[in-house]
Each structure stands twice: as C-alpha cells, then as structure tokens.
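**Student:** what shape does this take:
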Amino acid sequence: MLTPALPKASALSSGERQTMNRFEVKYLVPTRSVPELLEEFAPYTKPDAHSPEWGYTISSVYWDTPDFQFFWEKVEGVKYRRKLRFRRYGTSTDVFVEIKQREDRTLQKRRLRWPLEQVIAAFGDGASRVNWALVEGDPVATEAALMIERLRLAPRMAIRYRRRALFGQFDPELRITFDGRIQYHPTDFSLARPFEEGRYVIDPRVTVLEFKYDHRAPIWLTKAICRRGLKIVRMSKYCSAVDQYYYGGQNT
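**Tutor:** Model (predicted):
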C-alpha cells in the first residue's frame, strides 16, 4: 500500500474541487448500434479531448452503510439522497472523490481530484480508514470523512466499464456517454490495482447511453431520441450490481 508522507489535503487540492448541478437521463441501446449513433450525433458533437478513439476504462468504488442504506433509498425512490464513490479513469494517477446528491431529477455533484497516493493515505485502499490530518481543510474531503464515520460507510461494490464520451459542438453543457461491458466485483475494492474481470451488471450486448445537461436537452437530441423510440430507464450501475449479488435481482 502506498502511504507516503503528505502535506495537509487543502494544500494539494487547491483549485481541484468542483460542484455542479445536472440533469441526467439514461437509455439502453444495443451495443451493435453504437457506431450508428456516433455517426448520427457527429454533426452536433465533438469527442472528449482526453479520450482515445476507442474510449477509456472507468473504475469506481462505491461506499454504503452495513445495511445498504444508499441502495435501498434508490430502490424505494427516496427523492433526496446522497452517495459516495471514488473513481479512477484509465491508468491515471489521480482519483476523484465524489459525493452525488440527488433531489428528484436534479443532481448535484461535489468532487475533488487528488493523487492516488493521497486518497489512499487519507481513506485507505479498499478499506474504511479516515486520516483526519489529511482531510481537514478541504470541504469535500471533510464531508466524505464525516459520511464515512457517522454512517459507518465502507466500500461495498467495485464497478468497471468502458466509456466513449462526447461533448456538444454547439451546446457546451451537453455531455453524451456510451458505457459498455459493465462489470462488478463484490470484494475487490482496490483503487491502486482495480479488478480486471468481474461479473456483468447487464448483458454486454447492451450499452448504457446517457445524456447530461444543465438546463434542457437540445432539440436535435430530443428529435433523435423520439425517432428511435428510446425509453428512459432508471438504472444505477451500483444498485443493479448490489441487487444481483445480494438479493438475486429482485429489486431493480
């Protein structure tokens, strides 16, 4: 485990905190249709500048209470809820600590970006261990630490998948993602060495298409959705994985 001596968190996280309010809508599409959709969206979008043409891997560790409070709040449709996850993109040496807060259909995400070693030193790697000397002074880190201690949070599920990402050409607030080969692991929560093979959350022949925007979807996108007859799904990768592994898929 990497545990180098680090200065206080606030010194390393300056300028790396981000808060956003977003709408997110998801659809399930056949994986074979992804190239066709990319071509259809091309006149109105541009590729994520940080993404290779074939996409990139996302590895996330989700935290929850001993009785899976966050999972059940989602299943029961609680209008106001929060969740905590740690996320790593590809082989990046940085990790995002994210607190997602939803009120009805509006999402607020507070996150910070720290070096992997700092996250491990502050929160452990695949464990629940808060080093208050490293999190004090950063509001996002402090909120995450308080959630962990007050709610007795611990890593409960690891999720890994491939993503293709686009941004709006004329609507800079618009983000479109295609998430495929979504897998989970119920016990391997390491951020330093994310699991490589797990169980599929959904059939790999199906891809999650998601649109994220601040106010309203552009007209061209609304028309494309209507033409294809796509239906919104209330799908959570984390909740689907927990439901499959612990509850036999009876709740999602």
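**Student:** which residues of the protein fall in strands?
**Tutor:** Read by DSSP state E, the chain holds these strands, from start to end of the chain: 17-30, 45-47, 56-64, 80-89, 94-103, 106-115, 154-168, 175-185, 199-200, 206-213.
**Student:** worst mean pLDDT among those?
**Tutor:** Least confident of the strands of the chain, judged by mean pLDDT, is strand 17-30 with a mean of 80.
**Student:** max-length helix in this structure?
**Tutor:** Among the segments of the chain that qualify as a helix by DSSP state H, the longest is helix 139-151.
**Student:** pLDDT on that one, on average?
**Tutor:** Per-residue scores along helix 139-151 average to 96.
**Student:** so how far is that helix off the chain centroid?
**Tutor:** Centroid separation for helix 139-151 versus its chain: 18 Å, with Cα atoms, centre = their mean, to the nearest Å.
**Student:** pull out the buried residues from it.
**Tutor:** For helix 139-151, a neighbour-count test (16 or more other Cβ atoms under 10 Å) marks 140, 141, 142, 143, 144, 145, 147, 148, 151 as buried. For every residue, glycine as well, the C-beta is placed using N, CA and C.
**Student:** got it, and stretch 101-121?
**Tutor:** 101-102, 109-121.
**Student:** now for those residues: which two are most distant?
**Tutor:** Comparing all pairs in the buried residues of stretch 101-121 by Cβ to Cβ, the longest separation belongs to 102 and 117, at 30.8 Å.
**Student:** which outside residues touch the longest helix of the chain?
**Tutor:** Counting by Cβ atoms under 8 Å, 6 or more residues apart in numbering, the neighbours of helix 139-151 from elsewhere in the structure are 9, 13, 17, 63, 65, 69, 82, 84, 97, 99, 110-112, 114, 122-123, 128, 130, 132, 134-136, 153-154.
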